[in-house]
Structure formats: structure tokens, C-alpha cells
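Peer 1: sequence and predicted model, in that order:
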Amino acid sequence: MEIRLAAAGDIDSLCPLLTEFFAYNANLQPMYCNAAVESGDYPMSIIESCESDFIVAVENGSIVGFLHINEMKTPPYAAIATHCYAEVMAFLVTASYREQGVGSKLLSHAKKWSKERNLDYIELTSLVNAKEANAFYDKNDFETISHIRRYQL
């Protein structure tokens, strides 16, 4: 298995996986997420960016997983300690490749990417009812550091 940064030639292969990711989130949070079909604009904008990348897992010439990572900074307010960090924006391993270490390999590459940029930590948001994903993050030593609370009007 090859773990590498995505290139423009990977767009057509990334689109179905992103569509799968959107459908997964829409199933978990139908009020807030749409099962959109990815056209290629989103991954191309990330691939062309200096602060973001798609990290892909390739097996037998096919992309079987991806991780979208961004370089971020805390807001410039005196009351907030300055941090430069990485944020995982999207992360998916296709169902037939789960439980085989693909996600851990993608995450390992994300850690390397973040260290090379001298970032302080990696942050991500996961849905409460994404039980498999949360178990994976726990297994990979991600800590819960805050809760987002919502009051529905």
C-alpha cells in the first residue's frame, strides 16, 4: 500500500470517495449534512493550496482512503494562547479496507506532515454518533478536549 499526497491526476478517483464521505455524514446528521455528489472542485482547491493537502492510500492503483488536512492558526486575540496546528477536515477509508491499518497509516502520514510544518498538534471534529470513527480516534490517542453544544430552535 502506498500512502502519498494526492495530485491533480487523482481527482477522478477521489470524487467517489468524497461522495461516499458526504453520504456517510448525511446519514448520521441528516439535518446538517447533505449527501452531495463531488464534482472535483473541492479536492482540486485543496491540492492547489499551500496550506492543505489530501493524503491518499493507494492499493493496486486505486485510492482506498483519504485524509484532508489543513494548516491552521488560533485567532490573534490576547486571551488566546497562539497555536499553529493541523486540522483534519475529512477522513474516510472505504468499507472493504477498514480494520486493516489503512486509517492508521493515513494518520501516521498526517502526523509526519504536521511535524514537518512545525505544528503543535492535530485536531479533528467527529460526530457523536460516529461510533466506529470515535473508537478509532480513541485507539490512536486523540483526546476529547471540548464539546460543541447545540440548542435547537
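Peer 2: Sure, I can see it.

Peer 1: so what's the residue nearest the centre of the chain bridging to?
Peer 2: The centre of the chain sits closest to Ala90, judged by CA atoms, centre = their mean, with a distance of 2.8 Å. Counting by DSSP bridges, Ala90 is bridged to His68.

Peer 1: any idea how far it is from Ile69?
Peer 2: Between Ala90 and Ile69 the computed distance is 9 Å (CB to CB, to the nearest Å). To be clear about C-beta, it is placed using only N, CA and C from the backbone, and glycine gets the same treatment.

Peer 1: same question for Tyr77.
Peer 2: In this structure, Tyr77 lies at 24 Å from Ile69, with CB to CB as the measure.

Peer 1: pick out whichever of the two has more residues nearby.
Peer 2: Ile69 (29 against 8; other CB atoms under 10 Å).

Peer 1: is it true that that one touches Val88?
Peer 2: Yes. Shown here, Ile69 and Val88 form a contact pair, counting by CB atoms under 8 Å, at 5.6 Å.

Peer 1: common neighbours of these two, please.
Peer 2: By CB atoms under 8 Å, 6 or more residues apart in numbering, Ile69 and Val88 have these common neighbours: 110, 122.
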